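[1] Mind folding the following:
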Amino acid sequence: MALRLAFLALIVLPFTLVGLPVQFVLVKLCLPGWQLLPSIFFKLLALGLGLRVSLAGQPLAKGPVLLVANHIGWLDIVAVASKFPVSFVAKSDVAHWPVIGTLAGLHKTIFVNRTRRTDTRRTAGEMSTRIAQDVPVLLFAEGTSGIGTHVLPFRSALMGAIKDGAKIQPLAIAYTKISGLPLSRPERRQVAWIGDMGIGDNLGAILKSGPKDVVLAFGAPLPATDDRKRNAKWAETEVRAMLNALNRADPLPKDGEVV
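    This is a model prediction of the structure:
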């Protein structure tokens with residue numbers, strides 16, 4: 001833990017302090033290259049937190065794409081962003097968190113107020129605009145985080161962000177090992193953000209735990225249909241099949257195969 005804290009303090013923090021003003025200018029002026037500094041930041045942060053991220057399944061789709069994933073905790077964001085320049089959809093509360101809210105805003109995170117139904121249309125419109133710019137958008141469709149053993153029903157409200165020509169690609173996020181050994185159910189609390197757990201407790205558990213293997217498994221992308229509920233159900237089925245296989249250390253299911 002001491003080495004990780006030293007790395008975060010001596011490498012990640014200085015990079016953040018130097019990069020924040022530059023990133024602020026890039027985002028405010030809508031200049032190209034705004035994804036570069038966040039990509040470096042998340043790679044460093046993943047290293048400092050002991051994440052070992054590997055990829056499985058299909059490649060990330062080219063062109064307009066909405067990634068639809070399960071959600072285990074804020075480590076998911078670090079894992080994905082360390083590999084791909086994506087825009088995330090997050091609850092509006094995150095925007096007001098100290099430091100994290102600022103970082104999320106400078107990463108062009110799309111915030112949604114889930115307590116206001118009228119905010120769904122605005123959020124879907126912002127997602128659609130970002131997708132049309134060929135920036136992959138990642139939606140944690142469960143609407144909450146889980147322990148990582150199963151997938152909760154996917155919500156379909158924001159699936160309306162998909163327009164003609166765009167694709168939906170399922171993404172399963174699985175934490176498979178700590179210190180090279182398969183995770184037991186109690187150990188999942190060292191990576192998952194569950195219930196009323198505070199961010200301080202969650203961060204402490206992450207820093208104290210050994211190297212954490214996380215797999216990002218992509219399913220085959222499909223063109224979206226006009227039925228957002230059908231889109232959500234299809235993505236949920238695909239993500240559940242891949243997560244089940246990863247948790248059991250089985251081969252990933254073939255396209256359309258349910259396990």
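
[2] can you map out the strands along the stretch 1-150 of the chain?
    51-57, 65-69, 87-91, 110-112, 137-140 (DSSP state E, counting those that start in this stretch).

[3] And the average pLDDT for the fourth one is what?
    The predicted model gives strand 110-112 an average pLDDT of 90.

[4] just the longest one next, same as before
    Confidence for strand 51-57, expressed as mean pLDDT, is 96.

[5] hmm, back to that, among the strands of the stretch 1-150 of the chain, single out whichever gets nearest to V214.
    strand 51-57 (5.4 Å; Cβ to Cβ). In this view, the C-beta of every residue, glycine as well, is placed from N, C-alpha and C.

[6] So which bits of the closest one are buried?
    Across strand 51-57, burial judged by 16 or more other Cβ atoms under 10 Å covers 51, 53, 57.

[7] thinking the first one is in contact with K83, fair?
    Okay, so that is L51. No - using Cβ atoms under 8 Å as the test, L51 is too far from K83 to be in contact (10.4 Å).

[8] re the thing from before, please tabulate the strands of the stretch 1-150 of the chain in TSV, including the columns distance to T120.
    Putting these into TSV (distance: least, Cβ to Cβ, whole Å) gives the following:
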stretch	distance to T120
strand 51-57	29
strand 65-69	15
strand 87-91	11
strand 110-112	7
strand 137-140	12
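
[9] Phi, psi for the closest residue to A232 other than its chain neighbours please.
    The shortest distance from A232 to any non-neighbouring residue, by Cβ to Cβ, 6 or more residues apart in numbering, is to S156 (3.7 Å). Main-chain torsions, S156, degrees, to the nearest 10: phi -100, psi -10.

[10] That'll do, ta.
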